[in-house]
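J.: Mind looking at a prediction? Sequence and model below.
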Number of protein chains: 4
Amino acid sequence: MKAVRLHAYHKPPAVEDVPEPTISGPLDVIVKIGGAGVCRTDLHIIEGQWAQAMAPQLPYTLGHENAGWVHEVGSAVTNLAVGDTVILHPTPTCGLCRACRAGDDMHCTNSSFPGLSHDGGMAEYLLTSARCCVKLDPQTRPEDVAALADAGITAYHAVRKAIPLLYPGTTAVLIGAGGLGHIGIQCLAALTATNIIVVDRNPDALKLADQLGAHHTVVADGGQVDAVKDLTGGAGAEVVLDFVAEQGAENDAFQMTREAGSYFVIGYGGTVTIPTLDIISTERNIIGNIVGTYNDLAELMVLAQAGKVTLHTKTYPLDSAVEAFDDLDNGRVRGRAILVP
Amino acid sequence: MKAVRLHAYHKPPAVEDVPEPTISGPLDVIVKIGGAGVCRTDLHIIEGQWAQAMAPQLPYTLGHENAGWVHEVGSAVTNLAVGDTVILHPTPTCGLCRACRAGDDMHCTNSSFPGLSHDGGMAEYLLTSARCCVKLDPQTRPEDVAALADAGITAYHAVRKAIPLLYPGTTAVLIGAGGLGHIGIQCLAALTATNIIVVDRNPDALKLADQLGAHHTVVADGGQVDAVKDLTGGAGAEVVLDFVAEQGAENDAFQMTREAGSYFVIGYGGTVTIPTLDIISTERNIIGNIVGTYNDLAELMVLAQAGKVTLHTKTYPLDSAVEAFDDLDNGRVRGRAILVP
Amino acid sequence: MKAVRLHAYHKPPAVEDVPEPTISGPLDVIVKIGGAGVCRTDLHIIEGQWAQAMAPQLPYTLGHENAGWVHEVGSAVTNLAVGDTVILHPTPTCGLCRACRAGDDMHCTNSSFPGLSHDGGMAEYLLTSARCCVKLDPQTRPEDVAALADAGITAYHAVRKAIPLLYPGTTAVLIGAGGLGHIGIQCLAALTATNIIVVDRNPDALKLADQLGAHHTVVADGGQVDAVKDLTGGAGAEVVLDFVAEQGAENDAFQMTREAGSYFVIGYGGTVTIPTLDIISTERNIIGNIVGTYNDLAELMVLAQAGKVTLHTKTYPLDSAVEAFDDLDNGRVRGRAILVP
Amino acid sequence: MKAVRLHAYHKPPAVEDVPEPTISGPLDVIVKIGGAGVCRTDLHIIEGQWAQAMAPQLPYTLGHENAGWVHEVGSAVTNLAVGDTVILHPTPTCGLCRACRAGDDMHCTNSSFPGLSHDGGMAEYLLTSARCCVKLDPQTRPEDVAALADAGITAYHAVRKAIPLLYPGTTAVLIGAGGLGHIGIQCLAALTATNIIVVDRNPDALKLADQLGAHHTVVADGGQVDAVKDLTGGAGAEVVLDFVAEQGAENDAFQMTREAGSYFVIGYGGTVTIPTLDIISTERNIIGNIVGTYNDLAELMVLAQAGKVTLHTKTYPLDSAVEAFDDLDNGRVRGRAILVP
């Protein structure tokens, strides 16, 4: 089968023929890929930024945002049938550790990460596990939803955690209306009646935010903290969801929270630098967020199938993977690039 | 009446005669002081560290940790009678803002802070509000419990917020077994079955921690992060309660948390410096804590009256206030110094 | 001033002249009434059903659902100014008991109930307390929102408690789309993405439910339990909100819940009769609900002012109160009857 | 191997030779039984009360409360090794449904119940699943802990759910200090600082309750509701945990709750009969409880291994199973009867 393979860091991956994956464990599932999202993390992988943390053996197949159809199942798989349309939770989990037994898939002590630690889904077929598959309405086109598998679940997970804080009369600030953030806006609008302020450097992103449910938009031109204060009567926001968390956003974000407020960190790259006096005198919180649970993904798919969360995508044939990477790297992709084998 | 008055920063306060306070508002209450705690914050006040934030008009009476007996009540006070034994929540609140209406006294938008912003309780009488008074068993000696009014409520509030995270099998690390911390240990032992590790520089403090319910103690001699990791199978603790939060403790504390763990900041003085990648990759939290609610104080008094939280105190007559301040400043106070008018 | 006075049970109230109320306590507030809702409970009062529980001294003024403008304030009132537009929480509370200090106004141990226990708001002026008043946008017409003061807060409170159970993919059944229920539907639609099924005997009520956000409607003609099961794949609903709770609805409601589901009782009149085996074998819950908190009412007003909750009302001059009572009793009121002095 | 087999309802089971179980699925585990608890439910099974609900094919092996050592594992089992000491969650679960993915093992849509629906653990070996096994300290004697597998997990699960309601100053009433209840008392004492009142008909049970941490005991002689009211200043208890829930206890229990209180149903057999007016006017709750999660059992074992929960047991050789059943049926067992193969 064809696959997008990384042979060396700092060089473009190659689209080439490799053997199809085969079932070996009783809970293994092979999925015929219908859509594989191209993510900024893929660019970082190519640049070698994940080489040490994930230590994949080169060459290997990229792709951690996948949807498709069940092609073959292991002997003990009971929840799936060949032909089922599925979207894949990004990290296969053991199902046996304390975290798995509490539903906290993202804290499984035995999980792996296809596309980062070993062969992923930019290929005709992907080997995954019964525990990763969320069944979808058979009408769903995998290429239309693949980006929810990673960008979507991450945004949904953070918003869901914030819901109890976002009763009517509160304000949520969302920093970064890009791939994850534009899903976050839609989740906020679907699940709360909070006042939504979106902050981004890019006026086009803010225009999209406006259409997706933002009540106010703020250009991040240096005056964004003051602008949020002005929009909240000087107090700041109950919740700030930061999909950037680098280049200063991470400290702006904390300043945008009000007394007793919470700063949800979702992006990464920067460093939080905050006096403990500022944390305690106003009793504010900094909340980490990573991917999400299997049930988070299943819930998000309910929103997607009800039309409450939609994605802007641009598809490329698998053979054009390098072009898709180039387009993403050069800002030529509106929404999400999706490879379709 | 006699009162401990601050006339100038950087100079010792004077014990002198001032007029007794008088009732002016319908919810005013005058309390005859039975015990007023001497706190490190009082030393900071004298050094002028709170001059800007609280802007008290000098001279004024110190003392923010008070208990006594109701002496006189305003016309609309219905919850108290003259003679009632009471401990006082440190911040009179309005009872009308959103925070007060949710029970979050520490976020009242109209609160004041006797002893910091205006006359406090190092005196024979204190003017406070009906909303501050927690009624006690008439047998209680105010001098025995006064330190719970501020040190106690703060420790209890943080521990209470952590309880849902501290199911059997978890570990809580408590940094700093001093005035607040030694109450925190007792609250943890009374309210959870978690494994308690106490970290302090002072071996005597650790000896006390041991008696109060710590399962393990660690001397903070530079190896404290590794020691906590060793005691938790390499993983770290679900909860770290940091009563120091300066001089490096604030960054140690975060490192002591495990994946999905929470760092509760209670002390202050240092600066948290943490890469957002470390926050999100393990989905950890940093939780601010300040004082506590009126109900927190009432609950803590239940623990105290059941003998589950006890205080070590050393009493001084009001006239010896300067000696008490000196003793505290020079490390000669075991437990808490209490002024008794 | 004019007031609607009940002189004897089982006889229509009289509209007659009485002295205006006067301020006596420091937190008293006199409100010039702009709208007073007519509620089925008023009919029950006239029939004597509340005589024993509330023991009002006849004659007295009816009206427990009130909005208007601040006319005069007591000496210690700091949160209101004469002329403010306000809606009134139905039960003045003490602000000092444990429940008040936790924000649970409905469990205040010292509350009263104007319109039930003493003079209410079907009059030109009402004596209430600073703690009851929620300030509104000055543009708001009290007659447009008065019904939110009791019907609205009760529906909102129950829905808000159910939110954590109503993640995407769940079903909420709402029984009774009348005065409270039609507000409940709008709250569910504004605050969750749950699948909403509305059950009522009245096809007109179901037509309204449909317009307000119901995804499915079921006529309560005897087959309603089966219909709900059919609409939920045989399983039942995660949450059933029962605004009727008499004439069999209370047992239907429990049967409509799924395993681990919760039955929220809001209406009253019937008797729940359930084998404990049915409760434990499926681990289901029965949740009581009554009125709501001050903050609930404030949050609901945010939804109302954003146009997310709207009311159908029919206004009557105060002089026509008896006609309004008659119309309600004979099913001639669509939505809520509002008296306008 | 030897096993305790039920051949016909209403006749004593026989201890006889049957083939040892064999591994067929990849997650199967065979456990060498070290202790199997004898439960009142076993008597009910023999009387045919579970015949319809569970529909086991006779003859089959009884025993649903088991602990022992891993004897053999299926090909995909990664969390266990032969020789591990284990206690078994009573219901093998699929690990794939929504409930399992949220950690709610007791609501698995595909679970089974060994000892009720098919062969259980009153035998030398038991076939179970990798997902059932909680690993124990190798020093643990299975016969000492087996009763925690069902009686223990059920009591712990209910107490754990009640913890957030049981802050200092509250009261918990526990009805029925028998097999489950005496564990519940210990869990309450280990995990909260609530005031514990135990109600039972049997003075001996109350004597034990006293030793295990009860602050007050009440003989259920008809005056138990009044006694609880007297012990709570007339108000009732925040939480009532009812391990009986038949013969009137279920309605007493509700009456013992205070305003805003919660009645936790754990036993079964009776019928709750409560006017909806009583539920809503005081906003009280009725909470169902069944077994518990895998993590509940793991947490309980931490308490047990710390000596905070202990069991009174009487052991019988497997051959004497019928004698054990007889002793239980005739009130001759103090604590729990345990069969040891």
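T.: Arrived safely, thanks for sending. Nothing here was measured: the structure is a model prediction, and the numbers come from that model. Numbers count the residues shown, from 1 in each chain, chains lettered A, B, ... in the order given.
J.: which residue is nearest the middle of chain A?
T.: The residue lying closest to the centre of chain A (C-alpha atoms, centre = their mean) is A:Ala151, at 1.9 Å.
J.: Give me the distance between that residue and A:Lys207.
T.: According to C-beta to C-beta, to the nearest Å, A:Ala151 stands 20 Å off from A:Lys207. Bear in mind the C-beta positions are built from the backbone N, C-alpha and C, glycine included.
J.: what does the helix or strand of chain A with the lowest mean pLDDT rub up against?
T.: None of the helices or strands of chain A scores lower by mean pLDDT, DSSP states H and E than helix A:51-54, at a mean of 88. Under the contact criterion C-beta atoms under 8 Å, 6 or more residues apart in numbering or on different chains, helix A:51-54 has outside partners A:Tyr9, A:Phe113, A:Leu116, A:Ser117.
J.: three-state assignment of the first one?
T.: The three-state label given to A:Tyr9 by DSSP: H, G, I helix; E, B strand; the rest coil is coil.
J.: Then the one 3 residues further on?
T.: What three-state DSSP gives for A:Pro12 is coil.
J.: check contacts around it.
T.: Residues near A:Pro12 by C-beta under 8 Å, 6+ apart: A:Ile46, A:Val322, A:Phe325.
J.: where does the second one land in three-state SS?
T.: So that's A:Val322. At A:Val322, secondary structure determined by three-state DSSP is helix.
J.: Skip the chain neighbours and tell me the closest residue to it.
T.: Nearest residue to A:Val322, sequence neighbours excluded (C-beta to C-beta, 6 or more residues apart in numbering or on different chains): A:Pro12, at 5.0 Å.
J.: do the same with A:Cys133
T.: Excluding the flanking residues, the one nearest A:Cys133 by C-beta to C-beta, 6+ apart is A:Val86, at 4.3 Å.
J.: still on that earlier bit, name all residues that make contact with the residue nearest to the centre of chain A.
T.: A:Gly37, A:Cys39, A:Glu65, A:Gly179, A:Leu180, A:Ile183, A:Arg336.
J.: ok, those residues vs C:Ala253, which is closest?
T.: A:Ile183 (36.1 Å; C-beta to C-beta).
J.: element containing that closest one, please.
T.: A:Ile183 belongs to helix A:181-191 when assigned by DSSP states H and E.
J.: Model confidence score at A:Gly179, please.
T.: Note on A:Gly179: pLDDT of 87.
J.: How many neighbouring residues does it have?
T.: For A:Gly179, the count of nearby residues is 26 (other C-beta atoms under 10 Å in any protein chain shown).
J.: So it versus chain C, what's the distance?
T.: Between A:Gly179 and chain C the computed distance is 21 Å (C-beta to the nearest C-beta, to the nearest Å).
J.: can you tell me how far the nearest residue to that residue once chain neighbours are set aside sits from A:Gly292?
T.: Excluding its sequence neighbours, the residue lying closest to A:Gly179 (C-beta to C-beta, 6+ apart) is A:Ala151, at 4.7 Å. With distances taken as C-beta to C-beta, A:Ala151 is found 11 Å from A:Gly292.
J.: So what would you say the end-to-end distance of stretch A:319-339 is?
T.: By C-alpha to C-alpha, to the nearest Å, the extent of stretch A:319-339 from end to end equals 9 Å.
J.: Quick one: mean pLDDT over it.
T.: Stretch A:319-339 carries an average pLDDT of 90.
J.: Could you count how many residues lie near the residue in chain A that chain D sits nearest to?
T.: When you check chain A against chain D by C-beta to the nearest C-beta, the closest residue turns out to be A:Pro26, at 3.9 Å. Burial of A:Pro26 is recorded as 17 neighbouring residues (other C-beta under 10 Å).
J.: cool, the one 10 residues further on as well?
T.: With neighbours defined by other C-beta under 10 Å, the count for A:Ala36 comes to 37.
J.: host element of it?
T.: Here A:Ala36, judged by DSSP H and E, is contained in strand A:28-38.
J.: returning to what we had before: quick one, which of the contacts of A:Pro12 are buried?
T.: Listed as buried from these are A:Ile46, A:Phe325; burial here means 16 or more other C-beta atoms under 10 Å in any protein chain shown.
J.: just the contacts of A:Pro12 now: which is nearest D:Lys2?
T.: A:Ile46 (64.0 Å).
J.: wait, the residue nearest to A:Cys133 sits on A:Val31?
T.: Yes: contact criterion C-beta atoms under 8 Å: A:Val86 and A:Val31 qualify, at 6.3 Å.
J.: where along the stretch 151-300 of chain A do the strands fall?
T.: Under the criterion DSSP state E, counting those that start in this stretch, the stretch 151-300 of chain A contains strands at A:171-175, A:195-200, A:216-219, A:237-242, A:257-265, A:271-275, A:285-288.
J.: Indicate which one of the ones you listed is closest to D:Gly233.
T.: Per C-beta to C-beta, nearest to D:Gly233 of these: strand A:257-265, 33.6 Å.
J.: strands paired with that closest one, and their directions?
T.: strand A:237-242 (parallel), strand A:285-288 (parallel) (DSSP bridges).
J.: Go through the ones you listed and pick out the most buried.
T.: strand A:237-242 (a mean of 28; mean count of other C-beta atoms under 10 Å in any protein chain shown).
J.: List the neighbours of that one that are in contact with it.
T.: The contact list for strand A:237-242 (C-beta under 8 Å, 6+ apart) reads A:158-159, A:162, A:165-166, A:170-176, A:181, A:184, A:188, A:194, A:197, A:228, A:249-250, A:253-254, A:256-258, A:260-267.
J.: what does the stretch 201-341 of chain A put close to chain C?
T.: A:Ala298, A:Glu299, A:Leu300, A:Val302, A:Leu303, A:Ala306, A:Lys308 (C-beta under 8 Å from any C-beta of the partner chain).
J.: Now list the buried members of the residues you listed.
T.: A:Ala298, A:Glu299, A:Leu300, A:Val302, A:Leu303, A:Lys308.
J.: Can I get these in a markdown table including distance to A:Gly74 and pLDDT?
T.: Formatted as a markdown table, those follow (distance: C-beta to C-beta, whole Å; pLDDT from 0 to 100):
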| residue | distance to A:Gly74 | pLDDT |
| --- | --- | --- |
| A:Ala298 | 21 | 98 |
| A:Glu299 | 26 | 98 |
| A:Leu300 | 26 | 98 |
| A:Val302 | 27 | 98 |
| A:Leu303 | 30 | 98 |
| A:Lys308 | 34 | 97 |
